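Colleague: sequence and predicted structure are below.
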Amino acid sequence: RRGLGVAAGPPSSRQLREAEEAAPVFQYAGKAARRKDRVFVWGFSYSGALGVPSFVKPDAGWKKPRRIQPTPYRLETEEKISSAACGYGFTLLASNTRDITKVWGMGLNKDSQLGFQRSRRDQTKGYEYVLEPSPIPLPLEKPQQTRVLQVSCGRAHSLVLTDNEGVFTMGNNSYGQCGRKVVEDEIYSGSHLIHHLKEFDSRVVQVVCGQDHSLFRTKKGTVYACGWGADGQTGLGHYNITSVPTKLHGDIAGVNIIQVSSCGDCCLAVSDEGDVFGWGNSEYLQLASVTETTQVNVPRHLPFKIGKVKEAACGGTGNLVLTEEGNVFVWGYGILGKGPTLTETAVPEMIPPSLFGWSDFSPDVRVAHVRCGLSQFAALTNKGELFVWGKNLRGCLGTGRLEDQYFPWRVTVPGEVVDVACGVDHMVSMVRSF
Amino acid sequence: LNAVPGRAPRQQVRFLPAPAPGGGGAVELVAARVPVLADHPLVRGPRFRKLKIGAGHRLDVKASGVFVLGIGHGNKLLTDLYNCHLTKVYTVGGLFGKATDDFSDTGNLVEKTTFDHITREKLERILAVIQGTNQKALLMYSNIDMKTQEAYELAVKGLIRPMGKSPPIITAVRCLQFALPEFQLEIHCLHETQQYLRKMVHEIGLELKSSAVCTQVRRIRDGVFTLDDALLRTQWNLQSIQEAIRNCQLKVERELERTL
């Protein structure tokens, strides 16, 4: 017989086992694999606020510009972003590095709210729409030691908070919201001016921008305000504009405030003992529990019996607070999150925790943070899930649909959501990958 | 079954000729109860020659667990139970480090990977994401208009579920045991197949930047029927079957009333 080798039949189980043991082992992630930090954006893109130029000016001729990005889209950034803020058609991203470039801005720049962005075509003029995250040069004394802690954006102005050099403001100052004297007929477009504020009683730890006013919270627990006051949102006891940051009194005098929030013309503050104080516009029943007037120009204590409040978020027409037990309460006007029938209430109503993923299976799911946009609300749970509800203006909720959302709905993000910033028609979130 | 004494033969009233009490010759008709000949057991034969048995939700060859059967008139209840769309609970066992072509440990090996970077925390994070996306699918496939107040109320109570055809949806996942390289999950799901559960184990392995195969799929609950109601192989005899049917009848009726 010709020896042509052994015929290959089906492999016996011993051969299979040996082949398995001899197979190479692949390693995709080592023990020290670190989770990466990413930024996701979604919403209206034509203003450039999403930072993706191909949405506004497509890179190939056959591609169409994308007006709305309805689901989260990853934004590539050079550094790890620690703080983000959304204004009216523009966004600021900040990283707490010691490098020279610490803040990037994109979107509308008609009032120099993103600083001066030198145009490449004409060296003397600046860009009016910035489509990509561009560095904002800050006039720091020690640029390689100071870190940027937080950024905040209003309608046409922005504030940057550093750790030991105070606050920098830029943008529109027609109501004194940048903290400097109002100059008549000042042209804000293409302006190089970035104002520096450092006269506060102690270090500033939080800056918040309302629509045309600014609030500063210091380490001692005092609050300063400047800007437009026709609705009483500066809380200084009058309805005029203020161009220098002035301390607030009223019911918060002597109280240690741990958080301030504002988005439109109403403001909320939370003290360390869990009390809520409010001032500003009350046309939508935001402060109706204490007064019938529609404008409150002195901070008033809001006597709610809902428990110790941990965090508050103030939106355009509705307000949101989070208590120590992890419950979320909403009041005001608009789509409040309890179905289409509840459109306005002066007394806080609780949103059932089962809508945020709490169930008999996962009884330890709780809401960790709350944020507000102009007519949207967002809540972050301790499991890293993001829930949004409210008016879906140009796809800003990120649910993938363009309809309004009447109760909390999950946004699918590939990662654990750490923080979210809400604007009028877009949102930015900071996410850690799995 | 056929040995059980059947019902007594029907009686009928017939007028039978019987001799009259008077003199001989005259025949009188007397009413008497007489069993109908057509009902006699020797004429009729054994009562049960065939039994109609229907099966509930399918169970794979490689899987094990509760399997619901309907006998005779119970088959109609089976369609009703199917339309209730109740969740089924499985215990799924998995093994990290291997990937095979049919996602179970008896398939052909595709790849081997390291898995020492996996911790219970990472696994639970992935399970939370899976639950989140499946919750969204639950709401989307239930065909309820999200803008109505009743949709909000059902969502608060957690009663929204798809009442028609839908892709497999997982309502809850929990990690029961975690001992590298093995782990065990408890999965509550709707409209799924066992191969889908094995594919999910494989995908969990991929998300954790490693690979996983499924070693065991066991159904522990199918709607109202739990492991306690199920009969073991040794108990497949008439008495236990009848007892089990009697015990479950009430539960099934209550569930059908509640849902439909």
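Modeller: Sure, I can see it.

Colleague: near chain A, which residues of chain B show up?
Modeller: B:109, B:111-114, B:116-117, B:122, B:125-126, B:128-129, B:131-133, B:135-136, B:146-149, B:151-153, B:155-158, B:172, B:174, B:188, B:207-210 (Cβ under 8 Å from any Cβ of the partner chain). Where you see a C-beta, it was placed from the backbone N, CA and C, and this is true even at glycine.

Colleague: any of those buried? List them.
Modeller: With burial judged by 16 or more other Cβ atoms under 10 Å in any protein chain shown, the buried subset of these is B:112-114, B:117, B:122, B:125-126, B:128-129, B:131-132, B:135-136, B:146, B:151-152, B:155-156, B:158, B:172, B:188, B:207-210.

Colleague: is whichever residue of the stretch 101-250 of chain B sits closest to chain A in a helix, a strand, or coil?
Modeller: Nearest residue of the stretch 101-250 of chain B to chain A, counting by Cβ to the nearest Cβ: residue B:152, 3.3 Å away. Under DSSP: H, G, I helix; E, B strand; the rest coil, residue B:152 falls in the helix class.

Colleague: in space, what's closest to it - neighbours in sequence excluded?
Modeller: Once flanking residues are discounted, residue B:152 sits nearest to residue A:339: 3.3 Å by Cβ to Cβ, 6 or more residues apart in numbering or on different chains.

Colleague: and residue B:11, how many neighbours does it have?
Modeller: 12 (other Cβ atoms under 10 Å in any protein chain shown).

Colleague: which ones are touching it?
Modeller: B:33-36 (Cβ atoms under 8 Å, 6 or more residues apart in numbering or on different chains).

Colleague: same question for residue A:427.
Modeller: Counted by Cβ under 8 Å, 6+ apart, residue A:427 has contacts A:41-43, A:86, A:373, A:376, A:378, A:388, A:396-398, A:420-421.

Colleague: give me the subset of these touching chain B.
Modeller: Counting by Cβ under 8 Å from any Cβ, no member of the contacts of residue A:427 reaches chain B.

Colleague: please report phi then psi for residue B:38.
Modeller: Main-chain dihedrals, residue B:38, degrees, to the nearest 10: phi -70, psi -20.

Colleague: for it, report the pLDDT, please.
Modeller: As predicted, residue B:38 sits at a pLDDT of 76.

Colleague: what's the closest non-adjacent residue to it?
Modeller: residue B:44 (7.5 Å).

Colleague: the one you found and chain A, how far apart?
Modeller: 55 Å (Cβ to the nearest Cβ, to the nearest Å).

Colleague: burial check on that residue, number of neighbours?
Modeller: Using other Cβ under 10 Å, the number of residues around residue B:44 comes to 11.

Colleague: could you do the one 5 residues further on as well?
Modeller: When counting by other Cβ under 10 Å, one arrives at 7 neighbours for residue B:49.

Colleague: which strands or helices does the one helix or strand residue B:91 maps to pack on?
Modeller: Following DSSP states H and E, one finds residue B:91 within strand B:88-96. When contacts are defined as 3 or more Cβ pairs under 8 Å, 6 or more residues apart in numbering or on different chains; DSSP states H and E, strand B:88-96 sits against strand B:182-190, helix B:194-207, strand B:212-222.

Colleague: which other helices and strands does whatever helix or strand comes next after it contact?
Modeller: Tracing the chain C-terminally past strand B:88-96 and defining elements by DSSP H and E, one meets strand B:98-100 next. Using 3+ Cβ pairs under 8 Å, 6+ apart as the contact criterion, the elements in contact with strand B:98-100 are strand B:109-113, strand B:212-222.

Colleague: most tightly surrounded among those strands?
Modeller: strand B:212-222 (a mean of 21; mean count of other Cβ atoms under 10 Å in any protein chain shown).

Colleague: what is the mean pLDDT for that strand?
Modeller: Strand B:212-222 comes out at a mean pLDDT of 90.

Colleague: strands paired with the helix or strand following it, and their directions?
Modeller: Downstream of strand B:212-222, the next assigned helix or strand under DSSP H and E is strand B:225-226. Note on strand B:225-226: by DSSP bridges, its sheet partners are strand B:212-222 (antiparallel).

Colleague: could you check the angle the strand it pairs with makes with helix B:194-207?
Modeller: 140 degrees (axes from the mean of the first three to the mean of the last three Cα atoms, to 10 degrees).
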